[in-house]
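Peer 1: give me the fold of what follows.
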Amino acid sequence: MGCCNAVRLNKCDEYPTQYRTDFIRTGYRPLPFSFKECIKSAFYANNETGNIWTHFIPFLFMVHRAYNVINQFEDLTDPINFGYYVHSIGVTYVLIASTIAHTFCSHSELCFRKCYSVDRAAIIMQGCSVQLVFELYICPPSCYVAEGMGRNSHVILTLYCVLSTIMFCSSVHPRLGRFQRFLATLPFGIGSIMINFSCAVRYLYSSNAIESTCFGTTKGDHVLFYFHLTSACLAIFFYVTKLPERWYPEKFDIVGSSHQIFHIFVAISLYFQNRLIEHVTAEAKFKIETGELLREPLASACSQTVGIFLLTFITVHSVVALYYWKVQPTIQICKPPEKKE
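Peer 2: Got it, this is the predicted structure:
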């Protein structure tokens, strides 16, 4: 409590516009804030405390879960496991990147933009990991939508990741004004459709599956997918509506804000994604052993999962680095406006 008493938190009218969160009026940390003070702020009440812990606790949980699941694999080099590796890396990376962003965003304006650009790059990589694994193991478009539809999907996925990174980096630039929200939201919408469309078609019309190359149509998979989809939709609802703080100003600035609820539903969605991929990986191994599933379509999983994920990771983060090296103008630390006498 001594730390809390020593730090004066600001109201939104004392804060630079680009740092403010919509409908959050109180609990802002001082600017600029040292790295040490940013870390200490995770342990007393302010409007970022809940945002930090609703990412960091799920991060620790998913690391523990992935460790336990991977320990059960008989052969760690089996290509069938690579999809689970990629998804687990994508999940833990986005959770720790967002934790870091919420922790250090008050250090300086440059740190704010860099943190959230890397955070958005991590979001793209998590979406990339889901798309890769869903397409290869769970919901191949060529099986459930149209034959040959997934032929150039990796090229489309890479282009999506690069364009999304540019939009996300631009979305934290204050000169864009009202277009910031649009640029930050559009990649989410496109990515959600890319990830979930073929799966929704599949689980509605699973009888169309060619079972020699497509699997994971058991009732348990349906349930896990729809739990994931429901959690994701609830996360989007709170992200867009900004409830409850929109209706009850200052009541939920510290605890219970829409962004904290958004984090919780995102974490639940990621958990059910991970469960689904674990379940389908085990099912694939069983069906290969019993001869019900061909191994050949999954034998190249390293190039189609780990290889593409690494290539996209390097490309996306190169775009972020290039953006701040060539595109982003010189930034000065932004100080709160002085009050007029």
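
Peer 1: isn't residue 79 right next to residue 304, touching?
Peer 2: No: the pair residue 79 and residue 304 does not pass the contact test of C-beta atoms under 8 Å, sitting 9.2 Å apart. All C-beta spots, glycine's among them, are computed from the backbone N, C-alpha and C.

Peer 1: look at those two and report which has more neighbours.
Peer 2: Per other C-beta atoms under 10 Å, whichever of residue 79 and residue 304 has more neighbours is residue 304, with 21 against 17.

Peer 1: look up how far residue 44 lies from that one.
Peer 2: The spacing between residue 304 and residue 44, counted by C-beta to C-beta, to the nearest Å, is 46 Å.

Peer 1: just the C-alphas of stretch 230-237, formatted as PDB.
Peer 2: Coordinates of each C-alpha in stretch 230-237 appear next as PDB, following Å, rounded to 0.1, in the frame of the first residue of the first chain:
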ATOM      1  CA  THR A 230     -18.200 -18.400 -28.400                       C
ATOM      2  CA  SER A 231     -15.400 -17.100 -26.200                       C
ATOM      3  CA  ALA A 232     -13.900 -15.300 -29.200                       C
ATOM      4  CA  CYS A 233     -17.200 -13.700 -30.100                       C
ATOM      5  CA  LEU A 234     -17.700 -12.500 -26.500                       C
ATOM      6  CA  ALA A 235     -14.200 -11.100 -26.500                       C
ATOM      7  CA  ILE A 236     -15.000  -9.100 -29.600                       C
ATOM      8  CA  PHE A 237     -18.300  -7.900 -28.100                       C
END
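
Peer 1: how about residue 73, nearest residue that isn't a chain neighbour?
Peer 2: Across the structure, with C-beta to C-beta, 6 or more residues apart in numbering as the measure, the residue nearest residue 73 apart from its sequence neighbours is residue 81 (5.4 Å).

Peer 1: and residue 122, by the same measure?
Peer 2: The spatially closest residue to residue 122, leaving aside those adjacent along the chain, is residue 97, at 3.6 Å (C-beta to C-beta, 6+ apart).

Peer 1: and for that neighbour, the neighbour number?
Peer 2: Residues lying near residue 97 (other C-beta under 10 Å) number 22.

Peer 1: so it: helix, strand or coil?
Peer 2: For residue 97, the reduced secondary structure class is helix; criterion used: DSSP: H, G, I helix; E, B strand; the rest coil.

Peer 1: gap between it and residue 261?
Peer 2: Residue 97 is 20 Å from residue 261, by C-beta to C-beta.

Peer 1: go on, residue 109?
Peer 2: When C-beta to C-beta is applied, the distance between residue 109 and residue 261 equals 28 Å.

Peer 1: just residue 115 next, same as before
Peer 2: Applying C-beta to C-beta, the value for residue 115 to residue 261 is 22 Å.

Peer 1: what's the answer for residue 85, then?
Peer 2: Going from residue 85 to residue 261 by C-beta to C-beta gives 30 Å.

Peer 1: check residue 10 too.
Peer 2: Computed with C-beta to C-beta, the distance linking residue 10 and residue 261 is 23 Å.

Peer 1: report pLDDT for the residue nearest to residue 122.
Peer 2: Predicted confidence (pLDDT) for residue 97: 96.

Peer 1: for residue 220, same thing?
Peer 2: Per-residue confidence for residue 220 comes out at a pLDDT of 65.

Peer 1: host element of residue 39?
Peer 2: Secondary structure assignment for residue 39, by DSSP states H and E: helix 35-40.

Peer 1: got the contact list for the helix or strand following that helix?
Peer 2: Taking DSSP H and E as the definition, the helix or strand that follows helix 35-40 towards the C-terminus is helix 49-71. Counting by C-beta atoms under 8 Å, 6 or more residues apart in numbering, the neighbours of helix 49-71 from elsewhere in the structure are 41-43, 76, 81, 84-85, 88, 91-92, 95-96, 98-99, 102-103, 254-257, 259-260, 263-264, 267, 270-271, 274, 278.

Peer 1: in ChimeraX, how would I select just the buried ones from those?
Peer 2: To isolate the buried ones among these in ChimeraX, judged by 16 or more other C-beta atoms under 10 Å, type:
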select :41,42,81,84,85,88,91,92,95,96,98,99,102,103,254,257,259,260,263,264,267,270,271,274,278
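
Peer 1: centroid-nearest residue for the chain?
Peer 2: For the chain, the residue nearest the mean C-alpha position is residue 123 (3.5 Å; C-alpha atoms, centre = their mean).

Peer 1: that residue against residue 94, yeah?
Peer 2: Yes: counting by C-beta under 8 Å, residue 123 does reach residue 94; the two are 5.6 Å apart.

Peer 1: just how off-centre is the helix ranked longest in the chain within its chain?
Peer 2: Taking DSSP state H as the criterion, the chain has its longest helix at helix 258-289. Offset of helix 258-289 from its chain centre (C-alpha atoms, centre = their mean, to the nearest Å): 13 Å.

Peer 1: also stretch 310-329?
Peer 2: Averaged over its C-alpha atoms, stretch 310-329 has a centre that lies 18 Å from its chain's centre (C-alpha atoms, centre = their mean).
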